[in-house]
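A.B. asks: Turn this into a structure:
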Amino acid sequence: MPAGARISFNSVDSCLSSLKNCQSYINTGMDIATRVALDLVESFNDVEDVNSMEKVMIEYAAMDRELNHYITAIEETVHQGKRTWAILFLLQINREKPENVPDLQYLVKEKFTALESKNSDSDLQNNEKYMYFKDQLKEMRKQFCHQSDDEAIEQIDEDIAVTQSQMNFICPITQMEMKRPVRNKVCGHSYEEEAILKIIQTRKQQKKEVRCPKIGCSHANVKGSDLVPDEALKRAIDSQKKQSWSTLEKSAGYADATKKICC
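C.D. replies: Sure thing, here's the model as predicted:
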């Protein structure tokens, strides 16, 4: 019997568990890289450093793809191996000699190579974490980059711009400013997390689909799995609050100074 065939399936399961733990580390790394990129955009450092973070995301996506292929190759081989051992067991009972015993290690390598041969750049572009990174980066630039441009303009229609920006902070369900906004990957609209999840749960119990609560949206099947944290919007809301408090503090300081001068 080939050495590669002498394999403990319990050991393989343990190895698979370790590999899947590695996947969680990759996911954590991608989450951190996303937050760092958003920090850079928020601080208006939006050129080379942000591009370098995108390269990091692509590298993580490549590692994730390779790890997925290796896990798939092992799982398929183990499944095939268990069927083979079952057949061998039956042959031994019937006192028949098996013709060939597969080398499982070779099969894993063969399947892995076949999967890797189909690699393309689109695989990395379609990585879920990378797509989230690109989406949030785009939204972050919308929320923050235009603010620096507005400062260069002599406050033309400033009140209107602020009002429109604040309108985006209002949840279409609660009609209140969002605290934990989530973004629908399908239609792109955002809602307060607790509010939309409550609607989804209620409709699920009624066996009904959930229409996007944003007026004018035609998306008629909102799912919890389609919702992702809208970090860019949350940062914009928090930034607006800080600016409001700063303005109030300055106004209060000016009022106190005026009183002292007049008295």
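A.B. asks: Grab the nearest non-local neighbour of Tyr70.
C.D. replies: Phe112 (5.6 Å; CB to CB, 6 or more residues apart in numbering). Glycine gets a C-beta too; all of them are placed from N, C-alpha and C.
A.B. asks: Helix or strand for the one you found, just tell me which one.
C.D. replies: Element membership for Phe112, per DSSP states H and E: helix 104-116.
A.B. asks: What of Ile196?
C.D. replies: For Ile196, the host element (DSSP H and E) is helix 193-205.
A.B. asks: got it, and Val182?
C.D. replies: If you go by DSSP H and E, Val182 is part of strand 181-184.
A.B. asks: before we move on, the earlier item: quick one: contacts of the next helix or strand after the helix holding Phe112?
C.D. replies: Under the assignment DSSP H and E, the closest C-terminal helix or strand after helix 104-116 is helix 121-125. Here helix 121-125 makes contact (CB atoms under 8 Å, 6 or more residues apart in numbering) with 58, 61-62, 65, 130-131.
A.B. asks: try it again with 7 Å
C.D. replies: With contact meaning CB atoms under 7 Å, 6 or more residues apart in numbering, helix 121-125 is reached by 58, 61-62, 65, 130.
A.B. asks: Looking at those residues, which are in helices?
C.D. replies: Counting by DSSP state H, the part of the contacts of helix 121-125 found in helices is 58, 61-62, 65, 130.
A.B. asks: Could you verify that Lys207 is part of a helix?
C.D. replies: No: Lys207 is assigned coil when assessed by DSSP: H, G, I helix; E, B strand; the rest coil, not a helix.
A.B. asks: Pretty sure Gln136 is one of the things Glu231 touches, is it not?
C.D. replies: Yes: under the criterion of CB atoms under 7 Å, Glu231 makes contact with Gln136 at 5.5 Å.
A.B. asks: Check the contact lists of these two and give me the overlap.
C.D. replies: In contact with both Glu231 and Gln136: Leu38, using CB under 7 Å, 6+ apart.
A.B. asks: Comparing the two, which shows the higher neighbour count?
C.D. replies: Neighbours of Glu231 and Gln136, each counted by other CB atoms under 10 Å, are more numerous for Gln136; the result is 23 against 18.
A.B. asks: State the helix or strand in which that one lies.
C.D. replies: helix 128-152.
A.B. asks: next one: Lys20
C.D. replies: Going by DSSP H and E, Lys20 is part of helix 9-42.
A.B. asks: Now do Lys207: how many residues are near it, please.
C.D. replies: 6.
A.B. asks: Tell me the backbone dihedrals of it, please.
C.D. replies: Backbone torsions of Lys207, given as degrees, to the nearest 10, read phi 60, psi 40.
A.B. asks: Next: Ile215.
C.D. replies: When read as degrees, to the nearest 10, the backbone of Ile215 gives phi -60, psi 130.
A.B. asks: Next: the one 10 residues further on.
C.D. replies: The main-chain torsion angles of Ser225 are listed as degrees, to the nearest 10 and equal phi -70, psi -20.
A.B. asks: ok, which stretches of the stretch 151-263 of the chain are strands?
C.D. replies: Per DSSP state E, counting those that start in this stretch, the stretch 151-263 of the chain carries strands over the ranges 181-184, 190-192, 227-229.
A.B. asks: Redo the ones you listed as a markdown table? Include distance to Gln175.
C.D. replies: Below are the strands of the stretch 151-263 of the chain laid out as a markdown table (distance: least, CB to CB, whole Å):
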| stretch | distance to Gln175 |
| --- | --- |
| strand 181-184 | 14 |
| strand 190-192 | 10 |
| strand 227-229 | 19 |
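A.B. asks: Those: which one's closest to Arg35?
C.D. replies: Each of those has some distance to Arg35 by CB to CB; the shortest is strand 227-229, at 10.7 Å.
A.B. asks: For that closest one, which helices and strands make contact with it?
C.D. replies: The contact analysis (3 or more CB pairs under 7 Å, 6 or more residues apart in numbering; DSSP states H and E) places strand 227-229 against strand 181-184.
A.B. asks: And the contacts of the strand it packs on?
C.D. replies: So strand 181-184 is contacted by 190-193, 196, 212, 222, 226-230, 233-234 (CB under 7 Å, 6+ apart).
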